[in-house]
Each structure stands twice: as C-alpha cells, then as structure tokens.
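>>> The following block contains a protein sequence and its predicted model.
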Amino acid sequence: MNADAAAWRATLESLPRAHGPPLAQALLKANLEDFLVEETLGFGPDGGRAHWLLRVEKAGLDTLEVARSLARRLRIPVSDVGFAGLKDRRALARQWFTVPAAPNSDALASYTEGSPEQGFRVLEACAHSRKLRRGALLGNRFQIRLRAVTPPVDSGTLKQRLNLLATAGAPNYFGPQRFGRGYSNLERIASWLGGARPAYGREARAFVWSSARALIFNAGPGSFPASSSTSTGRAPSSARRRSTRNWSTACAGSTCTRRVLWRAARDRDAVLGPGALRGLRVRPGSARRPRPNRSRR
C-alpha cells in the first residue's frame, strides 16, 4: 500500500468517537443469519405491465451478482435489471429488483439459484410499471446478532449506552466495507489521483468514485485525509479547509475527480465546513467528457 493510501487507512481506523471507547469487542457476521437486512420501498406494485417487481432473498451474494444472474436467466442486459440499493454479501438480505416484462419473465415467480449458503430465491413477483431506480427506497431494517462478546457487559451499562445513542446519536461514518476488502479501493483512488486511467467498466468506476466520496465524507473535525502533496495531520478548521482546497486543486486535472469532488462539495458542506471545496470552481456539466464524432464520412 502506497503512502497516501496508508495514511488514509490510518485516518479511517482512528476516527473520533462520540461517546468514548467501545464497552466491549464482539464477533460480527459469524453466520449469515447473524446479519438480517429487510429493504422497505415505501410503495407497492402498481399492476403495470412493463416490468416485474421481484422480492428476493439472497445469502452469500452481493446485489450485483444477483442482478447478473437474473439478467443471464432472462437473456437481457444487466443494465435492464433495477434495484434500489446495494446489500451486504455476508448477510441474509431481502430486497427488491425489477426486470422487464418478457415472455419468459413470469417463470421467475418461484425461481431459485444456488444454495442456502450462497444463492438466492424469488419470494414474490408482482406486475409493475417502472424500473426500480437507485435510492428509490424508504429504508432498511436490520437485525444484528453479536457473538463472543468480551469482556462481558452488564445489562445496566449496555442499556445506558444504548439510551445515549438513541438520544444523542453517533457520527454517521462510512464503514470499512465502502473501501473494499482490506481497504483495496484506497489504492485505486491513490493511483487514479496520481494520473492513472480510471478503472475499466461502469461498475468498477462507480465503486472507486463512491469510495472517494466516502473518504471525503468521513473527514472529521480533527483531521482530513490529504494527499502527500499537501499538509497532513490534525489542524484547526481554517487550516483544514485550506488543506482541502489545495488537495482538491491538485487533483482537479481528472474530469472524474472533478465530478467526485463537486458532488462531495454539494452534499457534504456540513461535514467539511461551508465552502471547503470551493476552490474547484466546477459545475456538474464540466465533468462530462465530450462524445466522439461518429458521423459517417
């Protein structure tokens, strides 16, 4: 791992905690059924004829793998499969997908693929008029079981901490899974910002962009993960903003980076401080690449 990625990882692993150190350590996701996710759309099927709305239960697979399997089954492009959000691989998750109505799509009503440990099954299939878009959900409900809790925590102390979290909240950081296995996406971000070509393929690029935005989002009040060409370490708010502007300007040569940082500036002013990324001076349209001229001679 290069110096920039290592510094970013160190920052992510030492983010400030709102209520002090954890009361104990525990084993998370020891079994698939220890992490249950239930997606809620906030609306139901409308009876249209253009698509099928599928409620799918998956285990040991990520959302994109299920989407690819549905596309293969129906012999359609994977881009025609709609879903509202990505769910954990190491979990038992129930979420919704849409597929275009086709002569063979009604066979998905009870379709099963793989095993209970690594596979999925369709629980419901309802007629619907529109493709499901990213973010078109009301929320997710989680049921999480922690195992091997050490040291044991008495119920009174645990209840007090849970009440504190319920009333005061906690920092809404992006977790390690957003940055890939072993923080591998940090290497890709550093390589990309160093001048390398973006990852090939829409999905691969989207994961890198998402990780870059999450890295900026996680910038806390005490530090910001700058590149090696700018100041690092803990700094007051004004110095952090200057460091952020320098880091942003240095990386603004890539149109993809412009888009990432513009979105971060638009969505996360509350985290970095108003105008923290103002030095970029870019608009959404300025991040688009010109299309090649394909007119016939």
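Good, I have the coordinates. Numbers count the residues shown, from 1 in each chain.

>>> Pretty sure Thr112 sits against Arg121.
Yes - contact status for Thr112 versus Arg121: in contact at 4.3 Å, counting by C-beta atoms under 8 Å. Using the backbone N, CA and C atoms, a C-beta is placed for each residue, glycine as well.

>>> Over to Tyr173. Which of the three states is it?
coil (DSSP: H, G, I helix; E, B strand; the rest coil).

>>> And the closest residue to it other than its chain neighbours, how far from Asn172?
Leaving aside its chain neighbours, Tyr173 sits nearest to Asn218 (5.2 Å; criterion: C-beta to C-beta, 6 or more residues apart in numbering). Distance from Asn218 to Asn172, counting by C-beta to C-beta, to the nearest Å: 9 Å.

>>> swap in Gln95?
Distance from Gln95 to Asn172, by C-beta to C-beta: 21 Å.

>>> of the two, who's got more company?
Gln95 (25 against 8; other C-beta atoms under 10 Å).

>>> Secondary structure of that one: a strand, I assume?
Yes - residue state for Gln95 (three-state DSSP) corresponds to a strand.

>>> Do I have it right that it meets Val56?
Yes - proximity of Gln95 to Val56 meets the contact threshold set by C-beta under 8 Å, at 6.2 Å.

>>> now the strands for this structure?
For the chain, applying DSSP state E gives strands covering 25-28, 35-40, 51-59, 82-83, 92-100, 112-114, 119-128, 139-144, 146-150.

>>> dump the residue contacts of the residue nearest to Ser129 when sequence neighbours are not counted.
With C-beta to C-beta, 6+ apart as the criterion, Ser129 has its nearest non-adjacent residue at 2.4 Å, and that residue is Gly48. For Gly48, the contact set (C-beta atoms under 8 Å, 6 or more residues apart in numbering) comprises 127-130.

>>> do Val78 as well
67-68, 71.

>>> Who wins on neighbours among the residues you listed?
Ala67 (22 neighbours).

>>> In space, what's closest to it - neighbours in sequence excluded?
Closest to Ala67 by C-beta to C-beta, 6+ apart is Val81, at 4.4 Å.

>>> Just put the strands of the chain in TSV and tack on mean pLDDT and distance to Glu187.
Listed next are the strands of the chain as TSV, based on pLDDT from 0 to 100; distance: least, C-beta to C-beta, whole Å:
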stretch	mean pLDDT	distance to Glu187
strand 25-28	92	25
strand 35-40	96	27
strand 51-59	96	28
strand 82-83	96	28
strand 92-100	96	28
strand 112-114	91	31
strand 119-128	94	31
strand 139-144	94	29
strand 146-150	92	31
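
>>> Which one of the ones you listed lies nearest to Pro176?
Ranking those by proximity to Pro176 (C-beta to C-beta) places strand 25-28 first, at 11.2 Å.

>>> Restrict the closest one to CA atoms and write it as CSV.
What follows is strand 25-28, C-alpha atoms only, in CSV (Å, rounded to 0.1, in the frame of the first residue of the first chain):
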residue,chain,number,x,y,z
GLN,A,25,-15.5,-6.3,21.5
ALA,A,26,-17.6,-8.9,19.6
LEU,A,27,-17.7,-11.1,16.6
LEU,A,28,-20.0,-9.6,13.8
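
>>> Please identify the pairing partners of it and their relative orientation?
Paired with strand 25-28 in the same sheet, following DSSP bridges, are strand 146-150 (antiparallel).

>>> List the contacts of Tyr158.
Quick fix: residue 158 reads Leu, not Tyr. By C-beta under 8 Å, 6+ apart, the neighbours of Leu158 are Leu23.
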